[in-house]
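**Student:** A predicted structure for the sequence below; I have some questions about it.
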Protein chains: 2
Amino acid sequence: MGKQMTEMLKGTLEGIVLAILAVQPAYGYEITARLRDQGFSDIVEGTVYALLIRIEKRGLVDVEKVPSEKGPPRKVYSLNASGGEYLEEFWGTWGFLAERIDKLQHHIENTQEKGE
Amino acid sequence: MGKQMTEMLKGTLEGIVLAILAVQPAYGYEITARLRDQGFSDIVEGTVYALLIRIEKRGLVDVEKVPSEKGPPRKVYSLNASGGEYLEEFWGTWGFLAERIDKLQHHIENTQEKGE
DNA sequence: CCTAGGTACTCTGCATAACTAACTACCACT
DNA sequence: AGTGGTAGTTAGTTATGCAGAGTACCTAGG
């Protein structure tokens, strides 16, 4: 989706993945596939795996190794209490930002109506 | 506002500043002050100036030096045609991302209603 | 047997962008 | 001379996503 999206995903991708895990536990390959289904077609596998390791190190998720029928064992991640709090914080930050940006956008629309 | 906001601003701050300039031309110090007024209380001056230089190098804005009564000359930035296109693209990218994230959030709310 | 391909995860190096923190410069007032 | 508000610059750090290659496990076809 281009450079703009890449930069915008910094900081939001983490929340997106945590939100996916809040619905139900999942493993990396599955999360990547789900992101692709939801329209994030350019998100790279390596990015997701790195992110998962990061949030694991921060203690936001619990991990369980589960054997797979079709390949190497899966690392199934699930959101824990700490991750839940962090996700709440994320919603707060996101909400704040989204509100300001929406206001700016509407302000421009109104300006253009009157102005040009 | 903390680390989450810092990361989330990557990619969006640029759009925010371009949007401010779309309303009317402004200089760096003024933009910083306006951002602070709008609730981005922790945004650092250096960040804004660096961003302005970046978008100038990319040709998204025109610059004019205007003497100030109260200090060094101001660099007044105004959005040009190229910047306008880029801002349109930004709205598209932002809209896409905001839509997915909002859907995820509502999905979680519904899941929690039924589930726990 | 061994090659191709799907599943699943790891790793190194790179680019970008925001932050920290200091600095320069101009002006007014005391 | 010193303080403080205005206005912009710079060097170094950190965090995160991408590119691209590699490892490992399993199944099916030639």
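**Tutor:** Ah, there it is.
**Student:** where does chain A dip in pLDDT?
**Tutor:** Applying pLDDT under 70 to chain A flags residues A:1, A:114-116.
**Student:** Find the nearest non-adjacent residue to A:Phe96, please.
**Tutor:** In this structure, A:Phe96 finds its nearest non-sequential neighbour in B:Gly39, 7.0 Å apart by Cβ to Cβ, 6 or more residues apart in numbering or on different chains. (C-beta placed from N, C-alpha, C; glycine too.)
**Student:** Am I right that that neighbour is in a helix?
**Tutor:** No. The assignment for B:Gly39, made by DSSP: H, G, I helix; E, B strand; the rest coil, is coil rather than a helix.
**Student:** what angle do the strand or helix carrying A:Glu109 and helix B:81-114 make?
**Tutor:** A:Glu109 is part of helix A:81-114 when elements are defined by DSSP states H and E. Helix A:81-114 runs at 140 degrees relative to helix B:81-114, counting by axes from the mean of the first three to the mean of the last three Cα atoms, to 10 degrees.
**Student:** so what's the one residue sitting closest to the centre of chain A up against?
**Tutor:** Using Cα atoms, centre = their mean, the residue of chain A that lies closest to the mean C-alpha position is A:Ile16, 2.0 Å off. Counting by Cβ atoms under 8 Å, 6 or more residues apart in numbering or on different chains, A:Ile16 makes contact with A:Leu35, B:Arg100, B:Ile101, B:Leu104.
**Student:** what does chain A put close to DNA strand D?
**Tutor:** By the rule Cβ under 7 Å from any atom of the strand, the part of chain A lying against DNA strand D is A:5-6, A:9-14, A:42-47, A:50-51, A:54, A:69-72.
**Student:** returning to that earlier point: of the contacts of A:Ile16 - the most surrounded one?
**Tutor:** Within the contacts of A:Ile16, neighbour counts (other Cβ atoms under 10 Å in any protein chain shown) peak at A:Leu35, which reaches 20 neighbours.
**Student:** The residue nearest to A:Phe96 against A:Arg100, yeah?
**Tutor:** Yes. Between B:Gly39 and A:Arg100 there is a contact at 6.3 Å, judged by Cβ atoms under 8 Å.
**Student:** Pull up the overlap in contacts between those two.
**Tutor:** Overlap of the contact sets of B:Gly39 and A:Arg100 (by Cβ under 8 Å, 6+ apart) is empty.
**Student:** which element is the closest residue to A:Pro25 other than its chain neighbours on?
**Tutor:** Sequence neighbours aside, A:Ser78 is the residue nearest to A:Pro25 in space, at 3.7 Å (criterion: Cβ to Cβ, 6+ apart). If you go by DSSP H and E, A:Ser78 is part of strand A:74-79.
**Student:** May I see the buried residues of that strand?
**Tutor:** Within strand A:74-79, the residues scored as buried using 16 or more other Cβ atoms under 10 Å in any protein chain shown are A:Arg74, A:Lys75, A:Val76, A:Tyr77, A:Leu79.
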